[in-house]
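Novice: Need the 3D shape of this:
(one chain, ligands or ions: 1)
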Amino acid sequence: MSNEPKVAYFCMEYGITSDFKIYSGGLGILAGDHMKAAYDQDRDLIGIGMLWKQGYNEQIIKDGKPYKAYPFETERYDFLEDTGVKVKVNIRERDVHAKVWKVDCFDNADLYLLDTDVPENYAGDEWITDRLYGGFNEHRIAQEMVLSIGGVRALRALGIEPDVYHFNDSHPVFAGIELLREKMEDESMWFDDALREVRKNVVFTTHTPVLAGNEVHPHNLLKYMGAYQHLTVEQMVAIGGAPFSMTAAGLRLSRNANSVASLHEQTANEMWSHVDGAAPIVGITNGVHRGTWTDAGVVSAFADGDNDKIWDAHQAAKQELIDLVEERNGVKLDTDKLLIGFARRAAPYKRSDLIFSKPEIIEEYLKSGKVQIVFAGKAHPLDDMGRKIVTNLIAMTEKYPNSVVFLEDYDMTIGAALTRGVDVWLNNPRRPKEASGTSGMKAAMNGVLNLSTLDGWWPEACNHDVNGWAISPDGIEAKTAEDFEGSYDEKLAQLDEYDVTNLYDVLLNKVLPTYYDNREKWVNMMKESHKDTYEKFSAHRMLNDYYELVYAPKNN
Ligand SMILES: *Cc1c(COP(=O)(O)O)cnc(C)c1O
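Specialist: Okay, the predicted model is just below:
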């Protein structure tokens, strides 16, 4: 692999292990799995991130409502190695110092983390790396500047010369501005030439297809913060538009860009078609790190192929989850009854409570325990709608105390226990809002059958009634809000009605009869699920795609 490009991967969060709280959710888990795959494959790739003092928030449920809590990390993680390198970034016209740590858990695939909690900093600046996604505006921009500009300077100080700078999501795009500054100041290039040169080395991954999830910043604020470096307003507008769109900037600063699933490739290309000078967006479907996310007992039973062994291994994983639920929530679920898992960030389009929409249909199954459901998922601390969704779910656990549970504080431990321990993985976002969704991949590899709208990654894997189920009338036809008439709210209401009708139809007429009356078909479906996903949706395959489709030098 000696001709292979050297890659510096920039990301705001990394999910490496459950207790190293520098991640919040999907983006971080993906980055962690990317690093682990790079390590497994002995790739020449390093990561740049932030040493958050407090990762996201811990979630505490009190009186039926979620509260956030930020436990303070008093101890340093003992696997962090001090590189001795410090960098400076000028923010709000004063130097902010950041120390560079190395995570000593990968031999190759080193991960470097920036930390502003150093004595040289002016009061307040040590708090820039206080908490992941903990602030808006000035605070967020300062964090992004440390990650991006500080990250490039850390590479220079460490003597690492990447061929490719990979911006995973748009938080690191100011690194592109820093690369431009280097070309313009140190090599006296004109802006246009510098931009052309910078683009040769930058690649960009876009994530959310929900517009509100794509950050924009006002130019006066960016200028005040120092994110312009020495660029002019015209040059910054040429890169990110006005207001400054971080995603548009990522697309204009890169030579290749990618989305995170095939359906998302279409959605992203339509969504950003107005951005002139953008890199082409190709689809690279996410994958998950098998060593982290699959159950060894289940995987070896699949390799053996014996149906009884597969079922026993699955039941053992289910029992472990049921024990965890009992320990945490005091609820004893039944190992011999269907157990559905649902864990997502509480965003309205994910519709966590869709399954409860019509009590006249679903209630009898929840009361008898024929359907049991475990939920997990955090709301963004500043998102009231999300908090309301979690509050609704808690109300359901009170209504159906023996069959509906909510596990507090969704993290990698809970994610792993759920995606190997339930029978069915439910996912019902409004199409086409889900970029990819990796938890369903973890489930599928463990023989947990997906029951999902045809969104994100699922259209690429779903073989309806063979390896899981589509929430649609015949396993194919799937609608979006645009297929209905009326105002936007009316369209959404009709889509929700359409999807919940199909959800109940598949659940009551396919899932339940197969589970309770046809064990052989069920286990055969588990085998199909494992077979169709174990390689195809692995981080190993994903990383190979990145090397082939976006990291490889462009020949033109
Ligand atoms: C896998 C995982 C995610 C990402 O799941 P999505 O399906 O992409 O939402 C988020 N959080 C945790 C804890 C996970 O394990």
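
Novice: Find the closest residue to the ligand in the stretch 1-150 of the chain.
Specialist: Evaluated by Cβ to the nearest ligand atom, the stretch 1-150 of the chain has Gly26 as its residue closest to the ligand, separated by 3.6 Å. Using the backbone N, CA and C atoms, a C-beta is placed for each residue, glycine as well.

Novice: and the closest residue to that residue other than its chain neighbours, what is it in contact with?
Specialist: In space, and not counting its chain neighbours, Gly26 is closest to Thr438: 6.3 Å by Cβ to Cβ, 6 or more residues apart in numbering. Contacts for Thr438 (Cβ atoms under 8 Å, 6 or more residues apart in numbering) come out as Gly26, Ile29, Leu30, Asp33, Asn286, Gly287, Val288, Trp457.

Novice: What distance do you get for Arg345 to the ligand?
Specialist: Distance, Arg345 to the ligand, by Cβ to the nearest ligand atom, to the nearest Å: 7 Å.

Novice: Tell me how many other residues crowd the closest residue to the ligand within the stretch 101-250 of the chain.
Specialist: Closest approach of the stretch 101-250 of the chain to the ligand (Cβ to the nearest ligand atom) occurs at His207, with a separation of 9.9 Å. For His207, the neighbour count with other Cβ atoms under 10 Å is 21.

Novice: tell me the pLDDT at it?
Specialist: According to the prediction, His207 has pLDDT 96.

Novice: Same question for Arg76.
Specialist: So Arg76 comes in at 64 (pLDDT).

Novice: can you check Leu333 too?
Specialist: Per the predicted model, pLDDT is 98 at Leu333.

Novice: Likewise for Asp63?
Specialist: pLDDT, Asp63: 70.

Novice: cool, and Ala478?
Specialist: 86.

Novice: contact partners of stretch 462-475?
Specialist: For stretch 462-475, using Cβ under 8 Å, 6+ apart, the contacting residues are 428, 444, 449-454, 458, 461, 476, 478-479, 499, 502-503, 505-506, 510-511, 525, 528-529, 531-533.

Novice: if we go to 6 Å?
Specialist: With Cβ atoms under 6 Å, 6 or more residues apart in numbering as the contact definition, stretch 462-475 has outside contacts at 449-451, 453-454, 478, 502-503, 506, 510, 528-529, 532.

Novice: Could you do stretch 313-331 as well?
Specialist: Residues beyond stretch 313-331 that count as contacts (Cβ under 6 Å, 6+ apart) turn out to be Asp295, Gly297, Val298, Ala301, Lys332, Leu333, Thr335, Val405, Ala417, Arg420, Gly421, Gly447.

Novice: from those, which would you call buried?
Specialist: Neighbour counting by 16 or more other Cβ atoms under 10 Å classes Asp295, Gly297, Val298, Ala301, Leu333, Val405, Ala417, Arg420, Gly421, Gly447 among the contacts of stretch 313-331 as buried.

Novice: Also near the ligand: which of these, exactly?
Specialist: When Cβ under 6 Å from any ligand atom is applied, no member of the buried ones among the contacts of stretch 313-331 is adjacent to the ligand.

Novice: sorry, back to before: mind listing which of the contacts of stretch 462-475 are in strands?
Specialist: Leu449, Asn450, Leu451 (DSSP state E).

Novice: returning to what we had before: in the contacts of stretch 313-331, find the pair that's most separated.
Specialist: Greatest spacing in these, by Cβ to Cβ: Ala301 and Val405 (26.6 Å).

Novice: wait, what's in contact with Asp532?
Specialist: Asp532 neighbours (Cβ under 6 Å, 6+ apart): Ala461, Asn467.

Novice: Next one, pLDDT for it please.
Specialist: Confidence score, pLDDT, at Asp532: 98.

Novice: And it, how far from Lys399?
Specialist: Applying Cβ to Cβ, to the nearest Å, the value for Asp532 to Lys399 is 36 Å.

Novice: which ones are touching the closest residue to Asp163 other than its chain neighbours?
Specialist: Excluding the flanking residues, the one nearest Asp163 by Cβ to Cβ, 6+ apart is Pro5, at 3.8 Å. Pro5 sits next to Asp163, Val164, Tyr551 when contact means Cβ under 6 Å, 6+ apart.

Novice: Inside strands: which ones of these?
Specialist: Going by DSSP E, the strands hold Val164 from these.

Novice: Measure how buried Glu161 is and give me the count.
Specialist: Glu161: 9 neighbours (other Cβ under 10 Å).

Novice: what does the one 3 residues further on give?
Specialist: By the measure other Cβ under 10 Å, the count of residues near Val164 is 25.

Novice: Where does the prediction get shaky in the stretch 301-450 of the chain?
Specialist: 381-382 (pLDDT under 70).

Novice: Strands of that one, residue ranges please.
Specialist: 338-343, 371-376, 404-407, 424-427, 449-452 (DSSP state E, counting those that start in this stretch).

Novice: what's downstream of the last one, the next helix or strand?
Specialist: Read that as strand 449-452. Using DSSP states H and E, the helix or strand that follows strand 449-452 in sequence is helix 458-461.

Novice: What residues of stretch 19-31 count as buried?
Specialist: So stretch 19-31, judged by 16+ other Cβ under 10 Å, has buried residues Phe20, Lys21, Ile22, Tyr23, Ser24, Gly25, Gly26, Leu27, Gly28, Ile29, Leu30, Ala31.

Novice: Okay, the residue of the chain found nearest the ligand and His264: tell me how far apart.
Specialist: The nearest approach of the chain to the ligand comes at Gly415, 2.3 Å away (Cβ to the nearest ligand atom). Gly415 is 21 Å from His264, where distance means Cβ to Cβ.

Novice: okay, those two: which has more neighbours?
Specialist: His264 (30 against 22).

Novice: so what's that one up against?
Specialist: Counting by Cβ under 6 Å, 6+ apart, His264 has contacts Ala435.

Novice: What strand or helix carries it?
Specialist: Using DSSP H and E, His264 falls in helix 262-271.

Novice: Show me what counts as buried in that helix.
Specialist: For helix 262-271, by 16+ other Cβ under 10 Å, it's Ser262, Leu263, His264, Glu265, Thr267, Ala268, Asn269, Met271.

Novice: Stretch 334-351 now?
Specialist: 337-348, 350-351.

Novice: same thing with stretch 200-215?
Specialist: So for stretch 200-215, counting by 16+ other Cβ under 10 Å, buried means Asn201, Val202, Val203, Phe204, Thr205, Thr206, His207, Thr208, Pro209, Val210, Asn214, Glu215.

Novice: Please flag which of the residues you listed sit within helices.
Specialist: The helices, defined by DSSP state H, take in nothing from those.

Novice: Show me which residues of the chain sit near the ligand.
Specialist: Near the ligand, when you scan the chain using Cβ under 6 Å from any ligand atom, you find 25-26, 29, 344, 410-412, 415, 437-440, 442.

Novice: Next, format those residues as a markdown table and append distance to Ser245.
Specialist: Shown next, in a markdown table, are these (distance: Cβ to Cβ, whole Å):
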| residue | distance to Ser245 |
| --- | --- |
| Gly25 | 22 |
| Gly26 | 21 |
| Ile29 | 25 |
| Arg344 | 26 |
| Tyr410 | 30 |
| Asp411 | 31 |
| Met412 | 31 |
| Gly415 | 31 |
| Gly437 | 24 |
| Thr438 | 26 |
| Ser439 | 29 |
| Gly440 | 30 |
| Lys442 | 32 |
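
Novice: which intervals of the stretch 51-200 of the chain have sub-threshold pLDDT?
Specialist: Those would be 55-62, 64-76, if you go by pLDDT under 70 across the stretch 51-200 of the chain.
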